[in-house]
Structures are given as C-alpha cells and as structure tokens.
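> Requesting a structural model of the entry that follows:
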Amino acid sequence: MNGRFAHFAAIDWSGAAGERQRGIAMAICRADGGAPELVAPGRPWSRAEVLRWLATEMPADTLVGLDLGIALPFADCGAYFPGWEESPGDAKALWALVERLCSAEPHLGANAFIDHPVASRYFRRHGAREGDRFHLPGAAHRRGRFRTTELAQAEHLACKPTSNFNLVGAAQVGKASLTGMRVLHHLTGTLPVWPVDPLPGRGSVVVEIYTAIAAIAGGRTAATAKMRSIEALNAALAALTCPPVPGCGPIDDHRADALLSAAWLRTRAHRPDLWRPAALTPALASTEGWTFGVP
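Presented below is the predicted three-dimensional model:
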C-alpha cells in the first residue's frame, strides 16, 4: 500500500439536529509529510457541505476516515431488524432504507428513521424509551447489539464501543451513524466505501474510523482519548512521529480528533494486515462493514 494514497483525511461527524454542526471537523495531511491541517477551520460545517466536499472537492487519491458506524449489527441475529419484513439484506440496502424513510427530512437528518413506528422498536431513545426489540435473543451484550468489528475493538484494542442501537448518553454514536448512512447512500457509485466495496487499485476511498483508536496509538487510553489542548494533541502527534500543529492552548476535541486521526491514517494505510482483518468475511464486509485499524 506504500504510495497508494496522496492524502489522508479524517472527519469527526455529528448526528445532531440542525443545519450546521460545531461537532463536525475535518482535517487532512499529505502523504509526503508535514503536519495535518484543518479544512476550512473557521467554518461550522453542514452535513450537505461535507457530502459535496467528498463527492467533488476532495483531492484525488485520498483515504478519508469517517468517525461513525457505516452499518448496524447483523451477524449476531442474522438481520439488522429481525422480525421486520423491510429489514435490508446488506449495508447498501440499509443506507437506501434510511434515505427513503428520511428523504423529506432536511440537513441529512435521521430522526424520521429513529421515530419510525417499527424501526424505533429496535432502539434505546431518550426519555427512557427503550424499544421492545432493543434486546434480542442472540445479542452478545446487555448493553445492546454490537457488530463483529466493535467486539474486536474491545478485545484487541481496549476500546469501549457503544451499540449503534443506543441513542442515549454522551458516548452514543447511533444518530451520527444513521445520518452518515444518508451520506454514504448519496456517494454510492461515486466513492467506494471499504469493505462494503472492495479496495480499488487507485482513487479515493472512504473507511470507517474510531478516533479513540488513533488516540490510543498516540499514547493515550480509551478513558483519556479526548484531547482539549494543542499541547496534548502535539504530544499524541509526536508519538506517531508526526510534526506538531502550530499554536498552543485550548482546542475543541472534535478538531483534535480529526487532526490526530488524519495523521494516524497516514501511519497505518501501508499495512496490508489492516486491510485484511482475520475475522472479516465477505458476508461481514457486505452487511456490517469494518472499522479500519482493527486487526
């Protein structure tokens, strides 16, 4: 994989309501070295603007990591939504279902999916609203259902993933994942998403990332993954043998996550083993996907 990509980008994502999200941050670095840089650092991004950047503005031959789940658990119960006749058979069909049910919702939001009378039964939502199908026979965890890659994160990297069916709490990423699926649906046929799509020999590629993995590689722990000062960020970048970003003092954790993750992708993209995880089967690739960097 040496020389395969010219740029490495990372996007810290947000599923919050509204048009512009301060929780979205984007960073990029060059393959030939240098510190990562924020893309349009003064802009509060909208999800639609990120979609446009990915589709038409991103530099050629970029490996871009999205900090969200590209699919929902499937392998544990043999379906995303067991017992629902509309349950899709693979990730791309899942993205299409989310888009269809949310197409009238602005800003690439996904509340219409979460509030759907059948889909809502599988989620834990705010206000102590836990669907009667949030816990299912065959689910591996009392904390909800997990994808195979999320179980591997916990086993091999000491991460603490949260089920994408859980929409409650600061650590939840379910809403971000569902809004991200709308973006992935719009990118279908334009930008490959590994491993749902096979890794092409050239061109840009999207992968799922978990920013805590980059933080751990930078010398932090899952419990201390969030960096809120440039000094802390630069210490983590140094652990990845990456030049520091300029400045000092506070930085919000979204920008820090994006900056560190872009640099981390540059240090990992050349490793063949990370593109061929031992547990990743063709069936998992098409239904659950995988988090890049998880062995």
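> Which parts of this structure are helices?
47-52, 91-102, 111-114, 148-157, 174-187, 211-217, 230-239, 253-268, 272-275, 282-287 (DSSP state H).
> Mind putting the ones you listed into CSV with mean pLDDT?
Formatted as CSV, the helices of the chain follow (pLDDT from 0 to 100):
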stretch, mean pLDDT
helix 47-52, 97
helix 91-102, 98
helix 111-114, 96
helix 148-157, 94
helix 174-187, 96
helix 211-217, 96
helix 230-239, 98
helix 253-268, 97
helix 272-275, 96
helix 282-287, 98
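> Skip the chain neighbours and tell me the closest residue to A238.
P244 (7.0 Å; C-beta to C-beta, 6 or more residues apart in numbering). (C-beta placed from N, C-alpha, C; glycine too.)
> Most tightly packed of the helices of the chain?
The highest mean neighbour count among the helices of the chain, using mean count of other C-beta atoms under 10 Å, belongs to helix 253-268: a mean of 26.
> out of the helices of the chain, which comes closest to D32?
Nearest of the helices of the chain to D32, taken as C-beta to C-beta: helix 253-268 at 9.8 Å.
> Which strands and helices lie in contact with the closest one?
Helix 253-268 sits against strand 7-12, strand 25-30, strand 33-38, strand 62-67, helix 211-217, helix 230-239, with contacts defined as 3 or more C-beta pairs under 8 Å, 6 or more residues apart in numbering; DSSP states H and E.
> what's the angle from that helix to strand 25-30?
30 degrees (axes from the mean of the first three to the mean of the last three C-alpha atoms, to 10 degrees).
> May I have helix 253-268 as CSV, with CA atoms only?
The C-alpha trace of helix 253-268 is given here as CSV (Å, rounded to 0.1, in the frame of the first residue of the first chain):
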residue,chain,number,x,y,z
ASP,A,253,-11.9,17.7,21.0
HIS,A,254,-13.6,17.5,17.6
ARG,A,255,-10.8,19.3,15.8
ALA,A,256,-8.2,17.5,17.8
ASP,A,257,-9.8,14.1,16.9
ALA,A,258,-9.8,15.0,13.2
LEU,A,259,-6.2,16.2,13.2
LEU,A,260,-4.8,13.2,15.0
SER,A,261,-6.9,10.7,13.0
ALA,A,262,-5.7,12.1,9.7
ALA,A,263,-2.1,11.7,10.8
TRP,A,264,-2.8,8.2,12.2
LEU,A,265,-4.3,7.1,8.9
ARG,A,266,-1.1,8.1,7.2
THR,A,267,0.9,5.8,9.6
ARG,A,268,-1.4,2.8,9.1
